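Colleague: Show me the folded form of this:
(2 chains)
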Amino acid sequence: MSARARPSVAVDVGAHDAEFDEFFRAYYAHAVRLAHMLSGSNAYAEDLAQDAFIRVRKQFHRVDNPAGYLRAVTVNLCKNWHRGRGRESDRLRRHGLPSPETSPEHDELLGSLEQLPYRQRSVLVLRYWVDLSESDIAATLGCRPGTVKSLHGRALARLRKDLPS
Amino acid sequence: MNDDELGERLSGLFHDMAERTTISAAPRRVAPVDLGGRRVLRNHFAYGLAAAATVVLVATLGLVQLVGNDGGGPTGIGATPGSSTTTPTPASTMATSGGTATRPSTAPASGSIAVSYTAPPPSLTIDPFATIAMPGTDGARDLPAMAITADGGAIVVDRTRHQAIVIDATGSAMPAIPLEFVPAAPVAGPGPYLYGLTTLDSSMEVGPGLAAVAIALEGTDAGDVVDARAVDDPTGFLELPVGELGHGPTGIVSRRRQPGEVLAYVDSEPRPALDVPTMDADDTVTWQGAHWLLSVRRHPDAPVPYAGEASPVAIDDATVVWWTDIGAPDDPAADFPGGTVPVLVSLRADGSGEWYSIPDGWEIVSADGGGVLLARRNGDNVEIARARPGSPPATSATSAPAATTSSRPGTTNAPVAPTTAAPACPSYRANDRYPLRLCDKGPAVMAVQAGLVAAGYAVDVDGYFGPGTQAAVQSFQKARGLEADGLVGPDTWPALVGGAVGGADADGSGVVDPWEFAG
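Modeller: Residues are numbered from 1 along each chain as shown, chains lettered A, B, ... in the order given. Down below sits the predicted model:
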């Protein structure tokens, strides 16, 4: 695992902004964890999260709910990452490289999760880890609540099929 | 493995991943609960409860329910054996009699109000009365929260700009009122006050924390919090669906939780009391002695049967509304099905009721004494409309109270005939998948219509699956011994279209399916 040294503040430095600093401190760990689950990569989660904060900072005083905005930005950034490099890690994982992401009892479920389309995966993460409501998930993904319902239903159905009862 | 168990496992996996996430730049601190938005993070326990509730509703909503009189009596209102009076109680009497002490002595009205995915309910009539400029930001794609006022106007709560905009019933907007604290789940009045929930800081007497507040809309203290009461158990309000707060007998009440006052009215002349309707786990809505069993028939392949977050709401002294989504995926293989239909049911005090579909793009943003508000984003503008589904549609003047109506599957108590003023289909959707059904369009529909004409039915071969085509399909099905559901699926399609269309049976199903034929 590449635990590279990170600068302690990852934003492009403008004027000191105490409010944003506080927001960053409060949400940084949350954003990294979210990026980890969405991208499936522990190694890149911090990069992704910091990228998200840089984007949020530009809008910080304009958006109504910075935490929600951060979430939406993180989901979008991880989608691109998932597309670009996610396949490779899937391949490595399937070929038996030890997975540092989870304990063995979860490997099977994680394996199935990796096979889901990104939006289905993100619905599961937002629902079961962030504990968002359907309407909040819809707002995060920019879709209708009905779509969230069906993504959720499909994702569970597919996992159920993959997993032995 | 059921959904709950799977959810538990996913939750376990994610928490394990969270534990193992490498975090170097900042102290480990999980994000606090954020009460800034309209809806916020839920705690785990609350989610578990919600999931359990969903399971109950899955069980009850998955089937068509046929229910007549609650008490098993064979007749309608007023003729219950043992009742001392045989005079039917007009709905208006029941409704205006008000409080619980003066309920009619006759048997309570009860009805089964059914809706099915096979017969889309008529579209709710929407006629915007106001349009306000309110550019969305990246983080605020949502519609603003609103409250309907007693006169049918609206109070728009603009969270982005920290202001309230009062719009009268004609659509004129007053100058915006800056707000120090922006309330969620807003409720209008009585008097020039806006009620809601907000997070107060320590500058307020009851702060810091979540509180029910009254905000003045007029006078020198316009925009200020003039009364507040701390919410004892904030976790109960971690989600704030539309209609969460509303008018109660003497103050603002929470509807979804155990109905109870969260803040007494600050105005000296409160609104006339409206009982708060309740909905039990069997989908029976109870209000002022009337009962309605809501029955929603879903497609067997519907992904997650959904009961909605809404609570039933009394919009005037004779009508209750409730809303949810029904429907099914058109194509189970696709990632983005379009088959979910938001619907609203209007329940009248005599036990009758109607379902309506909510046109695309519109969302219910407020339902309270005074009516239902819908809104739609249109670029940088937000359009606002009133729906008063409480007034029966003109064509249903003769419909009997539901206490004497037996609801059949696939029908609603509302007229769906093409003579209804509202069009049967607000829009037609291109479809070449099973089942072809009401409100579909395209070459496959045209092939169905051609088949119907060939079979001797007089329908227009125009490619639009309207009520006429549906009725003809049902007759055809009945004549052929097929299930007369009006859906053209893998049984009806070959019977109707048969070998009459050209094309290659690409998937080897033995039939040239709607998506295969060279229409």
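Colleague: Report the buried residues of stretch A:141-154.
Modeller: By neighbour count with 16 or more other Cβ atoms under 10 Å in any protein chain shown, stretch A:141-154 contains the buried residues A:141, A:143-154. The way it works is simple: take the backbone N, C-alpha and C, and place the C-beta from them, glycine included.
Colleague: wait, which of those residues is closest to residue B:164?
Modeller: Using Cβ to Cβ, the shortest approach to residue B:164 within the buried residues of stretch A:141-154 belongs to residue A:145, at 25.6 Å.
Colleague: Relative to residue B:128, how far out is that closest one?
Modeller: Applying Cβ to Cβ, to the nearest Å, the value for residue A:145 to residue B:128 is 22 Å.
Colleague: Could you look up the SS state of residue B:453?
Modeller: Secondary structure for residue B:453, judged by DSSP: H, G, I helix; E, B strand; the rest coil, is helix.
Colleague: That one against residue B:462, yeah?
Modeller: No - with contact defined as Cβ atoms under 8 Å, residue B:453 does not count as touching residue B:462 (11.4 Å).
Colleague: Sketch out the low-pLDDT regions of chain A for me.
Modeller: A:1-16, A:80-105, A:165 (pLDDT under 70).
Colleague: Tell me which residue of it lies closest to chain B.
Modeller: residue A:153 (2.7 Å; Cβ to the nearest Cβ).
Colleague: roughly how far apart are that residue and residue A:134?
Modeller: Taken as Cβ to Cβ, the span from residue A:153 to residue A:134 is 11 Å.
Colleague: Can you give me every residue that contacts residue B:431?
Modeller: Listed by Cβ atoms under 8 Å, 6 or more residues apart in numbering or on different chains, the contact set of residue B:431 reads B:330, B:437, B:440-442, B:444-445, B:514.
Colleague: Quick one, grab the pLDDT at it.
Modeller: The model reports residue B:431 with a pLDDT of 83.
Colleague: Could you do residue B:450 as well?
Modeller: On the pLDDT scale, residue B:450 is placed at 86.
Colleague: Next, count neighbours for it.
Modeller: 18 (other Cβ atoms under 10 Å in any protein chain shown).
Colleague: Equivalent analysis for residue B:454, please.
Modeller: Counted with other Cβ under 10 Å, residue B:454 comes out at 12.
Colleague: Next one: it from residue B:476, what distance?
Modeller: Distance from residue B:454 to residue B:476, by Cβ to Cβ: 11 Å.
Colleague: do the same with residue B:123
Modeller: 26 Å.
Colleague: The helix or strand hosting residue A:120: how far from the chain's middle?
Modeller: Element membership for residue A:120 (DSSP states H and E) is helix A:118-128. Helix A:118-128 sits 9 Å away from the centroid of its parent chain (Cα atoms, centre = their mean, to the nearest Å).
Colleague: If you count contacts, what does whichever helix or strand comes after it end up packed against?
Modeller: Downstream of helix A:118-128, the first helix or strand assigned by DSSP H and E is helix A:134-141. For helix A:134-141, the elements it packs on are helix A:66-81, helix A:118-128, helix A:145-162, judged by 3 or more Cβ pairs under 8 Å, 6 or more residues apart in numbering or on different chains; DSSP states H and E.
Colleague: that older thread, for the contacts of residue B:431, which one is nearest chain A?
Modeller: Closest approach between the contacts of residue B:431 and chain A, by Cβ to the nearest Cβ: residue B:330, at 10.6 Å.
Colleague: Ends of stretch B:135-153, what's the gap?
Modeller: Start-to-end span of stretch B:135-153 (Cα to Cα, to the nearest Å) is 21 Å.
Colleague: Actually, stretch A:130-138.
Modeller: Its start and end residues considered, stretch A:130-138 measures 13 Å (Cα to Cα).
Colleague: Which single helix of chain A contains the most residues?
Modeller: In chain A, taking DSSP state H as the definition, the longest helix is helix A:18-39.
Colleague: Only the C-alpha atoms, please, for that helix, written as PDB.
Modeller: Taking C-alpha atoms only, helix A:18-39 is exported to PDB below (Å, rounded to 0.1, in the frame of the first residue of the first chain):
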ATOM      1  CA  ALA A  18     -11.100  29.700   8.600                       C
ATOM      2  CA  GLU A  19     -14.500  28.500   7.700                       C
ATOM      3  CA  PHE A  20     -13.300  26.300   4.900                       C
ATOM      4  CA  ASP A  21     -10.400  25.000   7.100                       C
ATOM      5  CA  GLU A  22     -12.900  23.900   9.700                       C
ATOM      6  CA  PHE A  23     -15.000  22.300   7.000                       C
ATOM      7  CA  PHE A  24     -12.000  20.500   5.700                       C
ATOM      8  CA  ARG A  25     -10.900  19.200   9.100                       C
ATOM      9  CA  ALA A  26     -14.400  18.000   9.800                       C
ATOM     10  CA  TYR A  27     -15.000  16.300   6.500                       C
ATOM     11  CA  TYR A  28     -11.700  15.200   5.300                       C
ATOM     12  CA  ALA A  29     -11.700  11.700   6.800                       C
ATOM     13  CA  HIS A  30     -15.300  11.200   5.700                       C
ATOM     14  CA  ALA A  31     -14.400  12.200   2.200                       C
ATOM     15  CA  VAL A  32     -11.400   9.800   2.000                       C
ATOM     16  CA  ARG A  33     -13.500   6.900   3.300                       C
ATOM     17  CA  LEU A  34     -16.200   7.700   0.800                       C
ATOM     18  CA  ALA A  35     -13.600   7.800  -2.000                       C
ATOM     19  CA  HIS A  36     -12.200   4.500  -0.800                       C
ATOM     20  CA  MET A  37     -15.500   2.800  -1.000                       C
ATOM     21  CA  LEU A  38     -16.600   4.300  -4.300                       C
ATOM     22  CA  SER A  39     -13.300   3.800  -6.100                       C
END
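Colleague: Show me what counts as buried in that helix.
Modeller: Neighbour-count burial for helix A:18-39 flags A:20, A:23-24, A:26-39 (criterion: 16+ other Cβ under 10 Å).
Colleague: can you check stretch B:159-175 too?
Modeller: Across stretch B:159-175, burial judged by 16+ other Cβ under 10 Å covers B:159-167, B:173.
Colleague: returning to that earlier point: would you list the helices and strands packed on helix A:134-141 in CSV and tack on distance to residue B:177?
Modeller: Converted to CSV, the helices and strands packed on helix A:134-141 look like this (distance: least, Cβ to Cβ, whole Å):
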stretch, distance to residue B:177
helix A:66-81, 24
helix A:118-128, 34
helix A:145-162, 30
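Colleague: Before I go, just wanted to say thanks for your time.
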